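*Asks:* What follows is a predicted protein model with its sequence.
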Amino acid sequence: MKYKRIFGIVLDSVGTGAAPDAAKFGDVGSDTLGHVGDFYDGKLAIPNLQKLGISNLRDQPIKGVAPAEKPLAYFGKMQEVSAGKDSMDGHWEMMGLPVKHALALFPDGFPDEIIDKLKAFSGRDVIVNKPYSGTDVIHDYGEEQMKTGALIVYTSGDSVLQIAAHEDVIPLTELYKICDYARSLVNEPPYVVGRIIARPYVGPDKDHFTRTANRKDFTLEPTGKTDMDRLQDAGYEVIGIGKINDIFSGHGITRGFHNESNHDGMDHVFNNMKDDFTGFSFTNLVDFDAMYGHRRNPKGFGAALMEFDQQLGEVLANLKDDDLLLITADHGNDPGFRGTDHTREFVPLLAYSPSFTQVGQSLGIRSPFSDFGATILDNFGVKNVVGTSFLDELK
Ligand SMILES: O=P(O)(O)O[C@@H]1C[C@H](O)[C@@H](CO)O1
Ligand SMILES: [Mn+2]
Ligand SMILES: [Mn+2]
């Protein structure tokens, strides 16, 4: 075992340039990190990511983030093979379970057979039932929802069925029960839906509605073993921080922690770094995606990156010689791009340990994302199924 603890941090939706198959998704020209850098026009201050090598494997550096002369980390990017570009596809693929069959999408809303069952189970009416931005939908229909007690059902470019409701009108426990029921309706053909997402909100009127951290994702159960299961079966600890628990439906996770925010998520990482464990700590920081990417807000996206970068500096200062830090993403969500959906992009890959004796080298363009999990399994002497380890390249 080269490293006793491996810390994986997924910067949710922080893509680094359109993937070769971006045209299939209408995402040619997308570049999350590049467009955030352009917006900041040279003032995007992410010195820790810069010195690790975040700009080093890009065709064009992020504006104001020069490629590191002597990168601290091994740097690369990964290309996704999964059919979809959402969080579930990206994280499952990282963990050796690429999603081969496209999940059901609902550009024209959900069929009556699903809606009628939701109405019957909940005893509530259903309104909207079409693709919508989650903040626009509560602005446009939240007051009707408060008056009628109906469920706001909506979707996006992903395979998701989202239910928005005011916390004072539908208590969280009831909303989660309805989502859990919705989950049971779409686990197998003809409709396999990646995620049911509870979208509770609060506030007095349409100009003040805000969504709360009580969001809950009911993700399709992993359709097979993941690298986290393999690690656990081999007796290693797997710690899930943030959305990881939801994305894997608790499978292959020894201990899980909910994140209220990116900042809170990094506090969980700091606490976890004080623990003496042997295994893999897997963190998802969702604010980039949920608060800024889907809202096409490059200013907020960049601010979240700069906040993360400050906390990353503390992580780098506290890693032990037998720790390995891996930083990546699960898809893009370019705030400078049209629409409000994810974008099909390469994701960055950075690998750092204080024990490195040489300057970081290029890990190249790797595919599938499963090289990430294969490297972690390789470290713990566990056989992987998908992907190629780059552990031996780290010196
Ligand atoms: O409610 P919003 O618009 O934030 O929904 C986005 C669209 C994605 O499918 C979902 C999960 O990332 O969040
Ligand atoms: Mn995601
Ligand atoms: Mn998203």
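*Replies:* Perfect, thanks for sending it. Ligands and ions are numbered 1, 2, ... in the order given.

*Asks:* So what's the predicted local confidence for the closest residue in space to Leu391 that isn't next to it in sequence?
*Replies:* Take Leu391 and drop its neighbours on the chain: the residue closest to it by CB to CB, 6 or more residues apart in numbering is Asp378, 4.4 Å away. Backbone N, C-alpha and C define where each C-beta goes, glycine included. Note for Asp378: predicted pLDDT of 98.

*Asks:* Can you give me every residue that contacts Asp378?
*Replies:* Asn384, Ser389, Leu391, Asp392 (CB atoms under 8 Å, 6 or more residues apart in numbering).

*Asks:* So it belongs to a helix, correct?
*Replies:* Yes. Judged by DSSP: H, G, I helix; E, B strand; the rest coil, Asp378 forms part of a helix.

*Asks:* rewinding a little: which of the contacts of Asp378 are buried?
*Replies:* For these, a neighbour count by 16 or more other CB atoms under 10 Å gives the buried set as Asn384, Ser389, Leu391.

*Asks:* Dump those residues into JSON lines; add distance to ligand 1 and secondary structure as well.
*Replies:* Formatted as JSON lines, the buried ones among the contacts of Asp378 follow (distance: CB to the nearest ligand atom, whole Å; DSSP: H, G, I helix; E, B strand; the rest coil):
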{"residue": "Asn384", "distance to ligand 1": "28", "secondary structure": "coil"}
{"residue": "Ser389", "distance to ligand 1": "29", "secondary structure": "coil"}
{"residue": "Leu391", "distance to ligand 1": "31", "secondary structure": "helix"}
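
*Asks:* how about those residues in a markdown table, adding distance to Asn272 and pLDDT?
*Replies:* Formatted as a markdown table, the buried ones among the contacts of Asp378 follow (distance: CB to CB, whole Å; pLDDT from 0 to 100):
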| residue | distance to Asn272 | pLDDT |
| --- | --- | --- |
| Asn384 | 24 | 96 |
| Ser389 | 23 | 98 |
| Leu391 | 21 | 98 |
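
*Asks:* For these, give me JSON lines that also has distance to ligand 2.
*Replies:* Shown next, in JSON lines, are the buried ones among the contacts of Asp378 (distance: CB to the ion, whole Å):
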{"residue": "Asn384", "distance to ligand 2": "23"}
{"residue": "Ser389", "distance to ligand 2": "24"}
{"residue": "Leu391", "distance to ligand 2": "25"}
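
*Asks:* so Ser30 makes contact with Arg344?
*Replies:* Yes. At 7.1 Å, Ser30 counts as touching Arg344 under the criterion of CB atoms under 8 Å.

*Asks:* Look at the nearest residue to Glu237 once chain neighbours are set aside and say how many residues are nearby.
*Replies:* The shortest distance from Glu237 to any non-neighbouring residue, by CB to CB, 6+ apart, is to Gly279 (3.4 Å). Neighbourhood size, Gly279 [other CB atoms under 10 Å]: 20.
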